[in-house]
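Student: how would this look folded up:
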Amino acid sequence: MNMELASSTAHLAGFNPYTTDDLDAAREHIGGLFVPHHLDVVGCNQVLDVVISQAELEGVSLIYHRHGACVSVQPRLFEDFFLLQIPLRGEAYVTVDEKPIYCHPRQAVMISPTLGVDMKFGQGCEQLIVRVERSDLERQMEQHLGRHLGLPVEFAPAVPLTTAPAREVTNLLRYMAMSLTQSGGMLESSIAKKHMSSLLISALINCLDHNYQEELISGKAAPRPAYISKAQEFMRRNFAEAIGPADIAEAADVSTRALFAGFRTCLNTTPMRYLKEMRLDMVHDALRRMEPRRTSVTTVAMNYGFSHLGHFCAAYKQKFGELPRDTLRQSSSGKVLN
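Tutor: Residues are numbered from 1 along each chain as shown. Reported below is the predicted structural model:
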């Protein structure tokens with residue numbers, strides 16, 4: 001039993017609890033808190049005894065949760081939130097992204113929004129569940145990294161609670177569970193709630209394992225993969241051709257999926273958007289150097305891979321603040337447009 005955490009969440013368990021012994025009612029209520037799911041009682045002689053209590057901060061919810069009976073839960077992807085599930089009593093078997101995890105009071109599970117999950121909770125299992133909105137956590141991760149995210153944040157599902165970093169998280173949760181459910185506590189203040197929510201998210205980012213941890217520890221962005229440079233060089237050599245993601249990926253010797261992930265992580269864009277921006281820059285430079293009487297905007301645009309003049313002109317104006325014909329007019333020797 002996780003004695004210290006269980007003791008501090010006792011008040012949370014009695015904080016405006018929802019209770020039911022009806023399976024359909026439990027499905028509906030739990031689905032409203034999280035996501036729609038299949039909930040079934042496993043085995044004979046099981047008595048459903050659902051108790052759920054919730055206390056909310058900004059972007060974070062602390063939830064006491066028990067089913068009473070042994071149950072299986074198959075939710076859809078969470079998509080919009082992370083879920084840290086900490087058993088206070090009993091045990092659970094959780095499969096995250098096809099990786100089985102045995103959960104008990106010394107090992108929790110962190111479920112990321114992008115990963116599939118199946119769960120089975122033993123009879124008498126009680127949990128403290130921490131729901132963190134994906135947008136809030138990803139925004140803080142970007143602040144910690146000092147850059148935009150490329151790949152979704154994915155935490156290591158198994159969370160051993162005996163490590164020093166994990167104890168920092170559980171100590172913070174102990175305080176929050178007590179303060180949120182006591183009148184006159186600091187967390188009655190909306191400002192304090194906002195700061196405490198931010199502190200908890202920061203603790204999760206810094207104390208738990210995830211796919212950005214190495215970059216956070218080193219303080220340096222991961223080195224740019226060689227295939228990014230290969231892709232950029234291929235685009236520069238073939239800017240006038242009708243090339244697509246598959247062509248670029250083949251030239252860079254990676255899969256299309258890896259190509260998109262790499263461009264998002266390293267350049268915060270997609271391969272085709274990068275190609276479009278490169279072509280626009282080339283057209284802009286060409287128009288500034290050309291003689292208006294000897295060329296036309298249409299000819300230059302087509303020479304640099306743009307086949308739809310209307311879309312090209314709109315993108316050009318958005319990027320440079322003027323139409324391409326205005327750039328051509330302003331070229332050193334030009335007064336007349338094609």
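Student: Which parts of the stretch 1-150 of the chain are strands?
Tutor: Taking DSSP state E, counting those that start in this stretch as the criterion, the stretch 1-150 of the chain carries its strands at 18-20, 37-41, 50-56, 60-66, 71-75, 81-89, 92-96, 99-103, 107-111, 117-121, 126-133.
Student: strand partners of the last one, parallel vs antiparallel please.
Tutor: Sheet pairing for strand 126-133, assigned by DSSP bridges, gives strand 60-66 (antiparallel), strand 81-89 (antiparallel).
Student: Would you mind giving the ones you listed as CSV with distance to Pro36, mean neighbour count and mean pLDDT added?
Tutor: Using the backbone N, CA and C atoms, a C-beta is placed for each residue, glycine as well. Shown next, in CSV, are the strands paired with strand 126-133 (distance: least, CB to CB, whole Å; neighbours: other CB atoms under 10 Å; pLDDT from 0 to 100):
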stretch, distance to Pro36, mean neighbour count, mean pLDDT
strand 60-66, 17, 22, 94
strand 81-89, 14, 22, 95
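Student: Need the three-state assignment for the residue lying closest to Ala242 once chain neighbours are set aside.
Tutor: The shortest distance from Ala242 to any non-neighbouring residue, by CB to CB, 6 or more residues apart in numbering, is to Gly305 (7.3 Å). Three-state assignment for Gly305 (DSSP: H, G, I helix; E, B strand; the rest coil): coil.
Student: Any chance of the strands paired with strand 126-133 in TSV with distance to His311 as columns?
Tutor: TSV is the format used below for the strands paired with strand 126-133 (distance: least, CB to CB, whole Å):
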stretch	distance to His311
strand 60-66	43
strand 81-89	37
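Student: For Lys230, which of those strands is the nearest?
Tutor: strand 81-89 (34.9 Å; CB to CB).
Student: that older thread, nearest to Val35, of the strands paired with strand 126-133?
Tutor: strand 81-89 (8.8 Å).
Student: Now tell me what touches that closest one from outside.
Tutor: 1-2, 5-6, 9, 34, 92, 94, 103-105, 107-113, 124-134, 137, 153, 155, 159, 161, 170, 173, 204 (CB atoms under 8 Å, 6 or more residues apart in numbering).
Student: List the contacts of Asp21.
Tutor: Val47, Leu48, Asp49, Val50, Gly68.
Student: Next, format the strands of the stretch 1-150 of the chain as CSV and append distance to Ile217.
Tutor: Output for those, formatted as CSV (distance: least, CB to CB, whole Å):
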stretch, distance to Ile217
strand 18-20, 41
strand 37-41, 36
strand 50-56, 32
strand 60-66, 24
strand 71-75, 32
strand 81-89, 20
strand 92-96, 23
strand 99-103, 23
strand 107-111, 18
strand 117-121, 27
strand 126-133, 21
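Student: Need the winner for burial among those strands.
Tutor: Stretch with highest mean neighbour count among those: strand 107-111 (a mean of 24; mean count of other CB atoms under 10 Å).
Student: Just the C-alpha atoms of stretch 254-271, please, in CSV.
Tutor: Provided in CSV are the C-alpha atoms of stretch 254-271 (Å, rounded to 0.1, in the frame of the first residue of the first chain):
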residue,chain,number,x,y,z
VAL,A,254,14.4,7.6,-45.6
SER,A,255,10.7,6.7,-45.4
THR,A,256,8.1,9.4,-46.1
ARG,A,257,7.0,9.2,-42.5
ALA,A,258,10.6,9.8,-41.2
LEU,A,259,11.0,12.7,-43.6
PHE,A,260,8.0,14.5,-42.3
ALA,A,261,8.9,13.8,-38.7
GLY,A,262,12.5,15.1,-39.3
PHE,A,263,11.3,18.3,-41.0
ARG,A,264,8.9,19.0,-38.2
THR,A,265,11.4,18.4,-35.5
CYS,A,266,14.4,20.2,-37.1
LEU,A,267,12.8,22.9,-39.2
ASN,A,268,9.2,23.2,-37.7
THR,A,269,7.7,22.8,-41.2
THR,A,270,6.8,20.1,-43.7
PRO,A,271,8.9,19.1,-46.7
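Student: tell me the SS of Ala315?
Tutor: Under three-state DSSP, Ala315 comes out as helix.
Student: From Arg279, how far off is it?
Tutor: Ala315 sits 9 Å away from Arg279, going by CB to CB, to the nearest Å.
Student: what's the answer for Asp21, then?
Tutor: Relative to Arg279, and taking CB to CB, Asp21 is found at 65 Å.
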